[in-house]
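[1] The following block contains a protein sequence and its predicted model.
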Amino acid sequence: MAAAQAANPGWNFSKAELDSENGTILYELKGTDVNGQKQNIHVNAMDGTIVQESADHE
């Protein structure tokens, strides 16, 4: 979660789940950005790189 917070200051993350996509283990983080929009961020669990950021339309 630290990598996502460092890359996105001011965002609040409320949920983290461990997931796997195409053989890569990821943390899926859910939270809100500085504008209050819901966001999803996938972070590689092995090296901490951010793999994907997207708006949560649920």
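    Arrived safely. Source: prediction; values computed, not measured.
[2] So what pairs up with the residue nearest in space to the middle of the chain in the strands?
    By CA atoms, centre = their mean, the mean C-alpha position of the chain lies nearest to residue 41, the distance being 2.3 Å. Beta-bridge pairing of residue 41 under DSSP bridges involves residue 29, residue 53.
[3] per-residue confidence for it?
    Turning to residue 41, the model gives it a pLDDT of 91.
[4] hang on, residue 4 in a helix?
    Yes - with the criterion set as DSSP: H, G, I helix; E, B strand; the rest coil, the secondary structure at residue 4 is a helix.
[5] Now do the contacts for it.
    For residue 4, the residues meeting the contact criterion (CB atoms under 8 Å, 6 or more residues apart in numbering) are 11, 13, 29, 41, 43, 50. In short, each C-beta sits where N, CA and C put it, glycine included.
[6] I'd like to know how far the second one sits from residue 40.
    Put plainly, it is residue 13. Using CB to CB, to the nearest Å, one obtains 10 Å as the distance from residue 13 to residue 40.
[7] just the third one next, same as before
    Applying CB to CB, the value for residue 29 to residue 40 is 7 Å.
[8] Now tabulate the contacts of residue 4 in TSV and tack on distance to residue 56.
    As requested, the contacts of residue 4 are exported to TSV (distance: CB to CB, whole Å):
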residue	distance to residue 56
11	12
13	12
29	10
41	10
43	15
50	16
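[9] Just name the closest of those residues to residue 22, please.
    Distance to residue 22 across those (CB to CB) is lowest for residue 43, with 15.0 Å.
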